[in-house]
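**Q** with the input below, show me the fold.
(chains A, B, C and D)
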Protein chains: 2
Amino acid sequence: MIPRIPVSVDLVVLTVRSQQLSALVWRRDRPPYEGRWALSGGFIKLEEDLPAAAARVLAERAGLPGAPVHLEQLQTYGYPDRDPRQRVVSVAYLGLAPDLPASTEAHMSWQPVAELTEMAFDHRRIMLDGVERARAKLEYTSLGAAFCPPEFTVAELRRVYEIVWGRPLDPRNFHRKVTKTEGFLVQTGRTTTRDGGRPAMLHRRGPAVLLHPPMLRI
Amino acid sequence: MIPRIPVSVDLVVLTVRSQQLSALVWRRDRPPYEGRWALSGGFIKLEEDLPAAAARVLAERAGLPGAPVHLEQLQTYGYPDRDPRQRVVSVAYLGLAPDLPASTEAHMSWQPVAELTEMAFDHRRIMLDGVERARAKLEYTSLGAAFCPPEFTVAELRRVYEIVWGRPLDPRNFHRKVTKTEGFLVQTGRTTTRDGGRPAMLHRRGPAVLLHPPMLRI
DNA sequence: TCAAAAGTGTTCCGTATACACCCATGC
DNA sequence: GCATGGGTGTATACGGAACACTTTTGA
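**A** Numbering: from 1, shown residues only, chains lettered A, B, ... in the order given. Predicted coordinates for the structure are as follows:
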C-alpha cells in the first residue's frame, strides 16, 4: 500500500575559521564511501518533529550540544539511489555557527569547504547548496553575526562577509552600513584592541533579522 | 530499527485570475477534515524521485498534465500529528501557473488565497508559505512571467505583480524596468489591443532568471 | 614617531521614483 | 473628437562606491 521510507536529517554546519569557510564533517570508517568526508546525520524517530531531530543530531552526532547554532531547513533530497544500501529521503538543515572547537569524541572536524571535493553520498551537492544559501542570506539578513562570537567588532563581522563571499569589502562603507542599519548591532560599551590599532567597539547581535535595503554581493 | 515513514508530495499551485491570487484546491469529501479545502498531494512511490513525484501529482491529482507550470521545492513539513491518521512527512512544492481551466474531472478548483481561511491539515500554513515564497521570488527573479500566458503584454505582467504584491505599481517605471532588464522579455513583433487603448507589444519569457538589481516590494 | 586599524566626511554615480508628455488604437 | 491604455523623457532623491581624512591605540 503506502510506501514507507526512512527519513533522515543531514546537517550542513558552517563556520568561519582560519580565514576559511569550513564545514563540520567526519571521515567515514566503513563502506559505503569508506574514507570519504560526510555530513553529520541521523534518522528521525517516529514521534519526533523535524526541527527536534535536527537539534538532536546537532547535539548527539555533531557533538555540539547547546551550542549557539542558527539552524534552518535547507532542502530535501530524495532521488532513489542516493544511498546505495536503501532508499533514504533526507531533510537537510543549514547551521551557522561561531568558531567552536569540533568534538573529537564525536570524531567531527572542521574542513575548509574549498577542500571538500570528494564526499560521501550526495553530501557535496548538499553542502554546496548550503554554502550558496548562506551566501545569499548574508545579503538580506543579519545572519552573518551568527558566525561571530557573542561579542565582536565590526571588522570581525566584515571579515566573515569577506570570507563567505570571497571578495574584499570597503571597511568604511561596511562599517557605516551595519552600524546605521537599525537593530543589526547593539553596542556593549566595551572596546577591544585584539585586532590591533585603535580600540574597536564591541557589539552583540541586535534584534533585526532582515536588512532593508540588502547588501549586495556584486 | 530505522523508522519508516510515508512521504508525500503536496502542491501549492498558484495563479492570477479574476484580479486575485488563487490556489488550486479540492474540497475533501471524507474525514478527516471533511468539507475543507485541501491541496493536491500524493504519496511518493518507492522508486520515484521527488521532482518526478511532484510532476505526477500535478498531472494525475491536480489534473494539469503537461501544463506549463513552474515547479520548485518549497519546504518539508513533518511534525508528528499533522495528519491525525498516521504520521506523514510531506515535501511541499510550489507551482506557478498561467490562468488555466481547473480540471472538473479531478474535482479541482481555483480559490482566491484570501478566502482560503479554513483548510484541511496544515495546508493553510503550507499555502501561506508558498504565497510568501512567490512574493519574494518576484523581487529578484523573472518568475512573474510564469503566471502569464505564452504571449503577454507588459501591462498584463504588471497586473500580475500588482495582484501578487497587493499594491499598485507605476506603469511607466515598471515598463522601463522589465524591458530594460536584459533577457527578461523577448518581443514577438506582434501587438494586441485586448486591453484597450493603444496596441501593446506582445512578449514571450526571456532566458534571464535572476533580476539584477532586484525589484523591491516596498 | 610610526604603523595599524577604527571611524567620519564628502564626492560621484547609478537606480528608483514621480510625473509631464506624446502615441496609437476603438468608439 | 475623445477616452483609454501604451510607451518615452526628465527632474529629484536616495543609497552605494570610492576615497581623503581624523582618531586612538601599541610598539
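
**Q** part of a helix, is residue A:160?
**A** Yes: Residue A:160: assigned to a helix according to DSSP: H, G, I helix; E, B strand; the rest coil.

**Q** so what's it scoring on pLDDT?
**A** If you check residue A:160, the pLDDT there is 98.

**Q** residue A:217 too?
**A** 89.

**Q** quick one, what contacts it?
**A** A:135, A:138, A:139, A:165, A:167 (C-beta atoms under 8 Å, 6 or more residues apart in numbering or on different chains). Using the backbone N, CA and C atoms, a C-beta is placed for each residue, glycine as well.

**Q** the closest residue to residue A:122 other than its chain neighbours - how many residues pack around it?
**A** In this structure, residue A:122 finds its nearest non-sequential neighbour in residue A:82, 5.0 Å apart by C-beta to C-beta, 6 or more residues apart in numbering or on different chains. Counted by other C-beta atoms under 10 Å in any protein chain shown, the residues lying close to residue A:82 total 17.

**Q** ok, residue A:72 next?
**A** 14.

**Q** that one reaches residue A:93, doesn't it?
**A** Yes: with contacts counted by C-beta atoms under 8 Å, residue A:72 reaches residue A:93, the gap being 6.8 Å.

**Q** helix/strand/coil for residue A:95?
**A** strand.

**Q** and it, how far from residue A:72?
**A** According to C-beta to C-beta, to the nearest Å, residue A:95 and residue A:72 sit 8 Å apart.

**Q** stretch A:192-210 - what's its average pLDDT?
**A** In the prediction, stretch A:192-210 has an average pLDDT of 96.

**Q** do it and chain B meet at all?
**A** No: on the criterion C-beta under 8 Å from any C-beta of the partner chain, stretch A:192-210 is out of touch with chain B, staying 10.9 Å away.

**Q** buried residues in that stretch?
**A** Using 16 or more other C-beta atoms under 10 Å in any protein chain shown as the test for burial, stretch A:192-210 gives A:200, A:202, A:203, A:205, A:206, A:208.

**Q** what's the most distant pair in those?
**A** Maximum pairwise distance among those (C-beta to C-beta): 20.7 Å, between A:200 and A:208.

**Q** how near is whatever residue of chain A ends up closest to DNA strand D to residue A:192?
**A** Nearest to DNA strand D in chain A, going by C-beta to the nearest atom of the strand, is residue A:198, at a distance of 2.9 Å. Distance from residue A:198 to residue A:192, counting by C-beta to C-beta: 11 Å.

**Q** skip ahead from the top strand by length along chain A and say which helix or strand is next.
**A** With secondary structure taken from DSSP state E, chain A has its longest strand at strand A:4-17. For strand A:4-17, the succeeding helix or strand toward the C-terminus, using DSSP states H and E, is strand A:20-27.

**Q** could you export the following helix or strand past that next one as PDB, CA atoms only?
**A** Going down the chain from strand A:20-27, the next helix or strand is strand A:37-43, by DSSP H and E. Extracted C-alpha coordinates of strand A:37-43, given in PDB (Å, rounded to 0.1, in the frame of the first residue of the first chain):
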ATOM      1  CA  TRP A  37      34.100  13.000   4.400                       C
ATOM      2  CA  ALA A  38      30.400  13.000   5.400                       C
ATOM      3  CA  LEU A  39      27.900  15.400   6.900                       C
ATOM      4  CA  SER A  40      26.500  14.500  10.300                       C
ATOM      5  CA  GLY A  41      23.100  13.000  10.100                       C
ATOM      6  CA  GLY A  42      20.600  10.600  11.600                       C
ATOM      7  CA  PHE A  43      17.200   9.000  11.100                       C
END
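
**Q** what packs against strand A:37-43?
**A** The contact analysis (3 or more C-beta pairs under 8 Å, 6 or more residues apart in numbering or on different chains; DSSP states H and E) places strand A:37-43 against strand A:4-17, strand A:20-27, helix A:50-60, helix A:123-140.

**Q** hmm, the last one touching DNA strand D?
**A** This points to helix A:123-140. No: using C-beta under 7 Å from any atom of the strand, helix A:123-140 stays clear of DNA strand D, coming no nearer than 10.5 Å.

**Q** what's the nearest residue to the closest residue to chain B within chain A if we skip its chain neighbours?
**A** Residue nearest to chain B within chain A: residue A:4 (3.6 Å; C-beta to the nearest C-beta). Leaving aside its sequence neighbours, residue A:4 sits nearest to residue B:4 (C-beta to C-beta, 6+ apart; 3.6 Å).

**Q** can I assume the one you found is in contact with residue A:6?
**A** Yes: if you go by C-beta under 8 Å, residue B:4 and residue A:6 touch, sitting 5.6 Å apart.

**Q** more neighbours: which of those two?
**A** Set residue B:4 next to residue A:6 and count neighbours by other C-beta under 10 Å: residue A:6 wins out with 18 against 15.

**Q** ok, now which ones touch the more buried one?
**A** Each residue near residue A:6 by C-beta under 8 Å, 6+ apart is listed here: A:43, A:86, A:87, A:88, A:89, B:2, B:3, B:4, B:5.

**Q** may I see the PyMOL selection of the buried members of the residues you listed?
**A** Selection of buried members from the contacts of residue A:6 for PyMOL, criterion 16+ other C-beta under 10 Å:
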select buried, (chain A and resi 43+87+88+89) or (chain B and resi 5)
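
**Q** quick revisit: which SS state does the residue of chain A closest to DNA strand D fall under?
**A** coil.

**Q** quick one, phi psi at it?
**A** phi -60, psi 140 (degrees, to the nearest 10).

**Q** repeat for residue A:81
**A** The phi/psi pair for residue A:81 (degrees, to the nearest 10) is phi -100, psi 30.

**Q** rewinding a little: among the buried residues of stretch A:192-210, which are in strands?
**A** Residues from those lying in strands, with DSSP E as the criterion: A:200, A:202, A:203, A:205.

**Q** pick the one among these closest to residue B:179.
**A** Checking these against residue B:179 by C-beta to C-beta gives residue A:205 as the nearest, at 41.6 Å.

**Q** and the two most separated of the contacts of residue A:217?
**A** Maximum distance among those (C-beta to C-beta): 12.8 Å, for A:139 and A:167.
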